[in-house]
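**Student:** coords please:
(chains A and B)
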There are 2 protein chains.
Amino acid sequence: MPQFAHRVAKAQRSFIREILKVTADPSVISFAGGLPNPASFPVPEIAAAAAKVLYEAGPSALQYSTTEGYAPLREWIARRYQEKKGMDVRPEDILITTGSQQALDLVGKILVNAGDTVVMEKPGYLGAIQAFTIFRPSWRSVPLEDDGPDLELLDRALKRAKLFYAVTSFQNPSGLSYSEEKRARVAELLKRHRTFFLEDDPYGELRFKGQALPPVCKQRPELSMLLGTFSKVAAPGFRLGWIVARGSIMERLVIAKQAADLHTGSLDQMIVHRFLADNDFEAHVARISRLYGEQCRAMQDAIARHFPKNVRVTEPEGGMFLWATLPEGLSATELLRRAVERKVAFVPGAAFFVDGTGENTLRLNYSNADAATIEDGIKRLATCLEECMAEAGKAARAGA
Amino acid sequence: MPQFAHRVAKAQRSFIREILKVTADPSVISFAGGLPNPASFPVPEIAAAAAKVLYEAGPSALQYSTTEGYAPLREWIARRYQEKKGMDVRPEDILITTGSQQALDLVGKILVNAGDTVVMEKPGYLGAIQAFTIFRPSWRSVPLEDDGPDLELLDRALKRAKLFYAVTSFQNPSGLSYSEEKRARVAELLKRHRTFFLEDDPYGELRFKGQALPPVCKQRPELSMLLGTFSKVAAPGFRLGWIVARGSIMERLVIAKQAADLHTGSLDQMIVHRFLADNDFEAHVARISRLYGEQCRAMQDAIARHFPKNVRVTEPEGGMFLWATLPEGLSATELLRRAVERKVAFVPGAAFFVDGTGENTLRLNYSNADAATIEDGIKRLATCLEECMAEAGKAARAGA
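**Tutor:** A predicted model of the protein is given here:
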């Protein structure tokens, strides 16, 4: 058989994807996926918006449209950056993408030659690792501390790097956010090294604690790109995201986007725009944030009650994920094997590391389960944890 | 400034795209785009389908879904291949893509290393040229005759080729189709050379003359991939296409698709499936084909009345395009310059050639204009043609 391209010769199916298949069994309590809570989807409002768009715009909602995206939607997004974040974003700086996953693919395409250095956070977002892997980068990763990346190591990593990718608020997978100070320092480092910067901000709206901080991109527009999405604040089934960029970067993104799928669905864009225009979006986002805050608290409380004390867990101020670190030597993959038997699932952390480490870490999603389910699932997981620890203790004693 | 990736360093904005901007002016008669006639869009049926899906499926129509696509839609597509074409296609052989343009991108991604030979038809589909260009192939092209490719040249081109891309029915841009005999011969050649084969069939349903022929892929499933789309038989605004593939090819396509946009819009897939399930699709397709047949005839008649006799025009049996060849030495780009002044547009053929030829050819779209508009536009174009020819004659005499 003739050969596939180098870029997929070693490709593997996504670990998360395979796990999500297990969790299709409804008796499994899943903290694995990154699914928004469907209770937060504005179904009647979307139905009303769809009916209105098809009635008012008719055929033009179903025709081919421009690669850059539906103009009123781009205007809405730009205006929101201006008004909520004081950012100088114009409608022509917005390219609508088929989910922000597509934006990752486009950025990889226009920037990454085989062997180029891409700097990730450690742990880093799996979807970005997958998207960039296709373009065969050389990976560097910089440890995340509670308030953002280790600056000294970031400084070192950015030397000769092509791209730094970061999720600066309520990161996936860690739940951590960059502090105001670290945002400023990261912006300085990026200016010094003249590296392309891709800031991904899917969860920024979902703050349930603390004070909103503007994206790093606010301080450094030149070589930077900022991603946003409607997946977490409207619904992911639309596959509607965007990328903020300018100049020659935007020009190339548009070319790559056109080659990738011509444009993002016209009807989807018009429905979401109608939904935004006809409803109180701030109230909607506040409701989701409140809900996720309650669910996060429920998971933290359950963990405090049931988990062994030597498991460390992050304390996010928003978003959808907690990140747990087991004592050195324990394996979250082994834990998952037991957990699936007890019908509870999560994502082992190793998938989020590009350097082969992270075996003793795991990601827990709290957005897609109610408090009672969370309590039940965490209890099951605690039992598995205790078994793992007992086994490890036995092995250690046997080895001693 | 740091460098972009090699794959977009030389990228140019699409010629068609720039033309479509000119034609946004409603006073321009455009034969340039490849837009389906919006009069053919089933707007009330789509509105009913959307309402039903959101009422019945609710949040699950808005949630993340599987990379492969919505199962009932994949089943519908597979069944149709079985029943209409007698093809052995199973639901698991179908990957739903974000328009068939995305399928082109995915195929390029999984197959084409820089320098790999990709064989195109001459002329060939511009969207495919754009999609594959990103992956920096070495181009070969094989002239299309009235009944399909020149087989001797195809045989030669397939030696050491990675991929052959073909639009076998009512090709874009030429309107030509492969005869039954050439389909069989092409399948043989492909078997002999063990080349990947991508057959694109966006227009196959839109036959208004002659007898339906099955795709070449029916004869040779092993290394072949077949594309389909709802853009021409439902509506392009959904961005819904698919690729038929198997085995390790399908595995890699799924990996690439997941990295590209996770999955195609859930709501779009469910709406189109509902539309297909609740309506008489065959009658709908027959209506569109009849409409385009009338419009094709109107354009052919207008051309017969107004164009100089030394302009050759193809005689399609379906699809959306006519292809015209001007006398050697005339430039369709120059013609377009005049045409735009007289408010009529088309696509100069050179854009469809990967070998720099085709300057005296042009593509005319007839699907998106009624008979009166077609008559008016062809008349204007005839005037421009006569001017071009007179000028060329003057230049020739001056040179003599």
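**Student:** Tell me where chain A has helices.
**Tutor:** A:6-9, A:15-22, A:43-56, A:71-85, A:99-111, A:126-133, A:151-158, A:180-193, A:247-261, A:266-278, A:281-306, A:332-341, A:371-399 (DSSP state H).
**Student:** Using a markdown table, lay out these together with mean neighbour count, distance to residue B:292 and mean pLDDT.
**Tutor:** From N, CA and C alone the C-beta is placed, and that goes for glycine too. Below are those laid out as a markdown table (neighbours: other CB atoms under 10 Å in any protein chain shown; distance: least, CB to CB, whole Å; pLDDT from 0 to 100):
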| stretch | mean neighbour count | distance to residue B:292 | mean pLDDT |
| --- | --- | --- | --- |
| helix A:6-9 | 16 | 38 | 88 |
| helix A:15-22 | 16 | 41 | 64 |
| helix A:43-56 | 19 | 24 | 98 |
| helix A:71-85 | 17 | 30 | 97 |
| helix A:99-111 | 28 | 32 | 98 |
| helix A:126-133 | 24 | 39 | 95 |
| helix A:151-158 | 18 | 56 | 98 |
| helix A:180-193 | 17 | 53 | 96 |
| helix A:247-261 | 22 | 25 | 95 |
| helix A:266-278 | 23 | 21 | 98 |
| helix A:281-306 | 17 | 42 | 98 |
| helix A:332-341 | 18 | 54 | 92 |
| helix A:371-399 | 16 | 54 | 93 |
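**Student:** In TSV, list those helices along with distance to chain B.
**Tutor:** Shown next, in TSV, are the helices of chain A (distance: least, CB to the nearest CB, whole Å):
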stretch	distance to chain B
helix A:6-9	5
helix A:15-22	6
helix A:43-56	4
helix A:71-85	12
helix A:99-111	4
helix A:126-133	5
helix A:151-158	11
helix A:180-193	9
helix A:247-261	4
helix A:266-278	3
helix A:281-306	13
helix A:332-341	19
helix A:371-399	16
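**Student:** Looking at those helices, which is nearest to residue B:339?
**Tutor:** When those are compared by CB to CB, helix A:247-261 sits nearest residue B:339, at 23.9 Å.
**Student:** how far off helix B:126-133 does the closest one point, in degrees?
**Tutor:** 120 degrees (axes from the mean of the first three to the mean of the last three CA atoms, to 10 degrees).
**Student:** which other helices and strands contact helix A:247-261?
**Tutor:** strand A:94-98, helix A:99-111, helix B:6-9, helix B:99-111, helix B:126-133 (3 or more CB pairs under 8 Å, 6 or more residues apart in numbering or on different chains; DSSP states H and E).
**Student:** I'd like the helices of chain A laid out as a markdown table, including distance to residue A:210.
**Tutor:** Formatted as a markdown table, the helices of chain A follow (distance: least, CB to CB, whole Å):
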| stretch | distance to residue A:210 |
| --- | --- |
| helix A:6-9 | 41 |
| helix A:15-22 | 28 |
| helix A:43-56 | 29 |
| helix A:71-85 | 16 |
| helix A:99-111 | 24 |
| helix A:126-133 | 25 |
| helix A:151-158 | 21 |
| helix A:180-193 | 11 |
| helix A:247-261 | 32 |
| helix A:266-278 | 26 |
| helix A:281-306 | 11 |
| helix A:332-341 | 28 |
| helix A:371-399 | 22 |
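**Student:** if we can go back for a sec, can you check which of the helices and strands packed on helix A:247-261 gets nearest to residue B:72?
**Tutor:** helix B:99-111 (19.8 Å).
**Student:** That closest one near chain A at all?
**Tutor:** Yes. Counting by CB under 8 Å from any CB of the partner chain, chain A is contacted by helix B:99-111 at B:99, B:101-102, B:104-105, B:109-111.
**Student:** for the helices and strands packed on helix A:247-261, which one sits closest to residue A:182?
**Tutor:** Distances from residue A:182 to each of the helices and strands packed on helix A:247-261 were compared using CB to CB; the minimum, 22.6 Å, belongs to helix A:99-111.
**Student:** hang on, the earlier thing: got JSON lines for the residues of helix B:99-111 next to chain A, with distance to residue A:78 too?
**Tutor:** What follows is the residues of helix B:99-111 next to chain A, written out as JSON lines (distance: CB to CB, whole Å):
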{"residue": "B:99", "distance to residue A:78": "26"}
{"residue": "B:101", "distance to residue A:78": "26"}
{"residue": "B:102", "distance to residue A:78": "27"}
{"residue": "B:104", "distance to residue A:78": "31"}
{"residue": "B:105", "distance to residue A:78": "27"}
{"residue": "B:109", "distance to residue A:78": "31"}
{"residue": "B:110", "distance to residue A:78": "36"}
{"residue": "B:111", "distance to residue A:78": "38"}
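**Student:** Farthest pair within these?
**Tutor:** Those two in the residues of helix B:99-111 next to chain A that are separated most widely, counting by CB to CB, are B:99 and B:111, at 19.0 Å.
**Student:** Excluding covalently adjacent residues, which one is nearest to residue A:177?
**Tutor:** Closest residue in space to residue A:177, ignoring its immediate chain neighbours: residue A:169 at 4.9 Å, by CB to CB, 6 or more residues apart in numbering or on different chains.
**Student:** you'd agree that neighbour is up against residue A:203?
**Tutor:** Yes. Using CB atoms under 8 Å, residue A:169 is in contact with residue A:203, at 5.9 Å.
**Student:** Residues that sit against both of these two, list them.
**Tutor:** By CB atoms under 8 Å, 6 or more residues apart in numbering or on different chains, residue A:169 and residue A:203 have these common neighbours: A:318-319.
**Student:** just to revisit the earlier point, minimum distance to residue A:288: which of the helices and strands packed on helix A:247-261 has it?
**Tutor:** Short answer: helix A:99-111, nearest of the helices and strands packed on helix A:247-261 by CB to CB, at 17.3 Å.
**Student:** With residue A:227 as the reference, measure out to the residue nearest to residue A:177.
**Tutor:** Going from residue A:169 to residue A:227 by CB to CB, to the nearest Å gives 12 Å.
**Student:** For the residue most central in space within chain A, which non-adjacent residue is closest in space?
**Tutor:** Nearest to the geometric centre of chain A sits residue A:172, at 4.8 Å (CA atoms, centre = their mean). Nearest non-adjacent residue to residue A:172, counting by CB to CB, 6+ apart: residue A:125, 5.0 Å away.
**Student:** Can you tell me the number of residues neighbouring that neighbour?
**Tutor:** 22 (other CB atoms under 10 Å in any protein chain shown).
**Student:** Quick check: it touching residue A:170?
**Tutor:** No. Judged on CB under 8 Å, residue A:125 makes no contact with residue A:170 at a distance of 11.6 Å.
**Student:** how many neighbours does the residue nearest to residue A:113 when sequence neighbours are not counted have?
**Tutor:** Leaving aside its chain neighbours, residue A:113 sits nearest to residue B:5 (5.0 Å; criterion: CB to CB, 6+ apart). Other residues near residue B:5 come to 21 when the count uses other CB under 10 Å.
**Student:** same thing with residue A:312?
**Tutor:** Neighbours of residue A:312 under the rule other CB under 10 Å: 12.
**Student:** which ones are touching residue A:30?
**Tutor:** A:20, A:23, A:344-345, A:365, A:368-369.
**Student:** What is the nearest of the residues you listed to residue B:160?
**Tutor:** For the contacts of residue A:30, the closest approach to residue B:160 (CB to CB) belongs to residue A:20, at 40.8 Å.
**Student:** Tell me who's in contact with the residue nearest to residue A:172.
**Tutor:** Counting by CB under 8 Å, 6+ apart, residue A:125 has contacts A:165, A:167, A:171-173, A:200, A:352.
**Student:** and if we set it to 10 Å?
**Tutor:** The neighbours of residue A:125, taking CB atoms under 10 Å, 6 or more residues apart in numbering or on different chains as the test, are A:34, A:104, A:131, A:165-167, A:171-174, A:200, A:202, A:352.
**Student:** related to what we said a few turns ago, the residue nearest to residue A:113 and residue B:32, how far apart?
**Tutor:** Taken as CB to CB, the span from residue B:5 to residue B:32 is 30 Å.
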